[in-house]
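*Asks:* next come a sequence and a model predicted from it.
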Amino acid sequence: MDFEFSDAEKRFVEEVDEFIEENRDPEVMNVTRENMAQLVDTPGRRAFMKKIGERGWLGMTWPRDYGGSEGSGIYEHLLNERLASVGAPQIGKGVGIIGKTIIRHGSEKLKREFLPKILRNEIEFAIGYSEPQAGSDAAAMALKATRDGDGWRLNGQKIFTTSAHFAEWYWVGARTDFAAPKHAGISLFLVKMDDRGLTVHRMPTIGDEITNQVFFDDVYVGNDYLVGELNKGFQYISEALDLERFTMFTFSPIEKRVELLCEYVSTEERDGRPLREDPLVRRTIAQLVTHTEVARMLGFRFLAASMKGGAPPTCEASEYKLYATELSRRIADASMDVAGPGSQLRVHTEDAPMKGRAESTYRYTVIDTIGGGASEIQKNIIARRKLGLPKNF
Ligand SMILES: Cc1cc2nc3c(=O)[nH]c(=O)nc-3n(C[C@H](O)[C@H](O)[C@H](O)COP(=O)(O)OP(=O)(O)OC[C@H]3O[C@@H](n4cnc5c(N)ncnc54)[C@H](O)[C@@H]3O)c2cc1C
């Protein structure tokens with residue numbers, strides 16, 4: 001099997017790297033935000049993404065009919081990985097999750113209204129699936145949508161909606177049929193975030209970032225903002241989640257964290273002896289470097305399977321997400337073990353080991369193993385769909 005990128009792909013990476021150099025800005029590119037660096041949540045980050053849109057890089061895989069260039073998914077992957085490697089915002093949510101679902105299932109009205117704005121990066125979305133009693137079991141969501149004339153009234157609550165405190169539109173799942181089996185009674189809606197019936201409460205996370213609770217009080221949504229067919233929402237959500245599990249958990253930050261640890265080990269001493277000579281440290285590094293290669297390969301497997309067309313491949317997405325995010329935690333644990341008590345000093349502390357990166361990585365990587373579906377859920381998917389094991393609950 002040939003894992004080399006083609007000449008055209010390598011040239012594209014060079015072009016992206018040049019673009020990154022030309023637009024260097026510490027507020028826009030911040031690796032200490034770890035995986036949350038992907039968010040387009042400040043004016044500087046929005047301006048940066050707008051420039052990416054002007055380059056034609058937001059619709060690289062979209063059909064030409066919707067302003068895209070019908071390129072291979074590998075280019076989107078390469079772009080996102082280069083952006084993630086420097087802590088710059090990435091193209092996952094609007095282009096990947098919402099845009100691609102609208103292209104596959106949305107009405108002409110939704111396509112005309114949202115797709116051009118996504119391509120110009122004029123719009124930010126929040127995604128609302130999780131509720132207090134419906135996290136891992138997203139199909140249990142109970143946000144109530146009741147018919148009202150030509151539209152719907154939404155009442156209830158979402159939780160853990162990242163981006164709700166700055167987004168303009170809410171991509172939200174609601175129950176439209178309470179009598180149907182739980183997977184068959186959910187529909188997807190697009191709701192304006194400035195609706196008077198929406199209340200957003202911020203929730204700080206262990207990783208310095210904000211997620212939100214959102215309360216719906218008689219929020220009206222016209223029928224033309226229903227995405228796809230009524231009661232098919234869970235099918236669309238599942239497809240989008242497969243995409244999310246790959247595009248929103250990029251590989252390059254993992255590689256960079258291992259490189260940082262290797263650099264530290266190669267230059268530091270403990271008790272007068274170079275760390276690189278310690279057999280335990282050497283074994284740890286060898287394992288992490290090997291596991292990092294495994295994560296890279298699992299990413300390629302998702303890419304290869306997704307480029308065959310059709311819906312994103314479920315098992316490959318779960319395998320990558322599970323392995324990559326659990327590896328991130330192992331790297332954070334190892335960085336703290338190897339660097340000792342000083343690694344608990346806060347990120348950006350100049351004289352802390354690795355300037356405190358182990359500390360922030362340790363806090364942020366916990367989140368990655370939960371958001372987008374917890375590790376146990378990925379294991380359930382692999383066990384049932386790939387290994388054919390029976391459902392145990
Ligand atoms: C920082 C952050 C940002 C997020 N952003 C968003 C967002 O933007 N939009 C959104 O909709 N959601 C978001 N989420 C929610 C996320 O998807 C859920 O937290 C996740 O799906 C887990 O749900 P839960 O928190 O309700 O935990 P629970 O589902 O209550 O799970 C608790 C524990 O039980 C385990 N468990 C549950 N069911 C099973 C089972 N059947 N078998 C084995 N183990 C099981 C879980 O793995 C977990 O360890 C975010 C979460 C975090 C932490």
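*Replies:* Perfect, thanks for sending it.

*Asks:* can you map out the strands along the protein?
*Replies:* All strands of the chain, identified by DSSP state E, fall at 125-128, 144-148, 151-158, 169-175, 186-192, 198-204, 210-222, 226-227, 269-270, 273-274.

*Asks:* count the neighbours of the residue lying closest to F251 once chain neighbours are set aside for me.
*Replies:* Among residues not flanking F251 along the chain, G299 sits closest, at 5.0 Å (C-beta to C-beta, 6 or more residues apart in numbering). For glycine as for every other residue, the C-beta is placed from the backbone atoms N, C-alpha and C. G299 has 23 neighbours, counted by other C-beta atoms under 10 Å.

*Asks:* weakest of the strands of the chain in terms of mean pLDDT?
*Replies:* Of all the strands of the chain, strand 269-270 carries the lowest average pLDDT, namely a mean of 92.

*Asks:* helices or strands next to that one in the packing?
*Replies:* Packing contacts for strand 269-270, counted by 3 or more C-beta pairs under 8 Å, 6 or more residues apart in numbering; DSSP states H and E, involve no helix or strand.

*Asks:* quick check: neighbours of it in the sheet, parallel or antiparallel?
*Replies:* Using DSSP bridges, strand 269-270 pairs in its sheet with strand 273-274 (antiparallel).

*Asks:* adding distance to E108, write the strands of the chain out as CSV.
*Replies:* Listed next are those as CSV, based on distance: least, C-beta to C-beta, whole Å:
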stretch, distance to E108
strand 125-128, 20
strand 144-148, 22
strand 151-158, 18
strand 169-175, 18
strand 186-192, 14
strand 198-204, 27
strand 210-222, 15
strand 226-227, 13
strand 269-270, 65
strand 273-274, 65
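
*Asks:* now tabulate the ones you listed in TSV and tack on mean neighbour count and distance to the ligand.
*Replies:* Below are those laid out as TSV (neighbours: other C-beta atoms under 10 Å; distance: least, C-beta to the nearest ligand atom, whole Å):
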stretch	mean neighbour count	distance to the ligand
strand 125-128	24	5
strand 144-148	16	16
strand 151-158	20	7
strand 169-175	25	8
strand 186-192	23	12
strand 198-204	14	9
strand 210-222	19	4
strand 226-227	23	15
strand 269-270	12	35
strand 273-274	11	38
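
*Asks:* where are the low-confidence patches of the stretch 251-393 of the chain?
*Replies:* By pLDDT under 70, the low-scoring segments of the stretch 251-393 of the chain are 392-393.

*Asks:* enumerate the residues of it near the ligand.
*Replies:* I367, I370, G371, G373, A374, E376, I377, N380, F393 (C-beta under 6 Å from any ligand atom).

*Asks:* rerun at 8 Å
*Replies:* I367, I370, G371, G372, G373, A374, S375, E376, I377, K379, N380, F393 (C-beta under 8 Å from any ligand atom).

*Asks:* residue boundaries of the helices in the stretch 201-350 of the chain?
*Replies:* 233-247, 252-267, 279-306, 314-339 (DSSP state H, counting those that start in this stretch).

*Asks:* among the residues of the stretch 251-393 of the chain next to the ligand, which two are most distant?
*Replies:* Farthest-apart pair in these is I367 and F393; separation 24.9 Å (C-beta to C-beta).
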